[in-house]
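**Q** sharing a model that was predicted from the sequence below.
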Amino acid sequence: MSEKARSLFLRRRQRVRTNLRRAGNNRPRLSVFRSSKHIYAQIIDDATGRPLAAASTLDGGLKTNLKTGADIAAASAVGKMVAERAKAAGVERVVFDRGAYLFHGRVKALADAAREGGLDF
């Protein structure tokens, strides 16, 4: 990634996060990171700066059942798992932080699976 593209990516991510903090009403945020091989999700309490729940395609139970960590099926599995772990931690309402990624494909699949798992956003 070129320096200019990286700069634009970071600016877009910061803009999305700033708007979420304004509209979030102190709810934890469901943050998504996707790489070319895996997808990660974590629920972060911004008041304390600590993660409350997390899941990724690198987790032992998911890694063995998935063909690859970089497809829509993997993103859906991560969304379901993070929703289960959030419910266990007592979190039901979150704000979805897509970062600088478009709400499309793997990011959308993760969000839809987390909603089906019981998270409200």
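**A** Perfect, thanks for sending it. Residues are numbered from 1 along each chain as shown.

**Q** what residue lies at the spatial centre of the chain?
**A** Residue closest to the mean C-alpha point of the chain, counted by Cα atoms, centre = their mean, is residue 32 at 2.6 Å.

**Q** so which bits of whichever helix or strand residue 75 is part of are buried?
**A** Using DSSP states H and E, residue 75 sits in helix 72-88. Buried residues in helix 72-88, counted by 16 or more other Cβ atoms under 10 Å: 72, 74-86. (Each C-beta comes from the backbone N, C-alpha and C, glycine too.)

**Q** do stretch 15-34 as well
**A** Buried residues in stretch 15-34 (16+ other Cβ under 10 Å): 16, 17, 20, 24, 27, 28, 29, 30, 31, 32, 34.

**Q** got it, and stretch 40-49?
**A** By neighbour count on 16+ other Cβ under 10 Å, the buried set for stretch 40-49 is 40, 41, 42, 43, 44, 46.

**Q** can you show me the CA trace of it as CSV?
**A** Extracted in CSV, the C-alpha atoms of stretch 40-49 (Å, rounded to 0.1, in the frame of the first residue of the first chain):
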residue,chain,number,x,y,z
TYR,A,40,-10.9,-10.5,13.7
ALA,A,41,-13.7,-8.9,15.8
GLN,A,42,-13.6,-7.6,19.3
ILE,A,43,-15.9,-5.7,21.6
ILE,A,44,-14.1,-2.8,23.3
ASP,A,45,-15.3,-0.7,26.2
ASP,A,46,-13.9,2.7,25.3
ALA,A,47,-14.4,4.1,28.8
THR,A,48,-11.7,1.7,30.1
GLY,A,49,-10.0,0.9,26.9
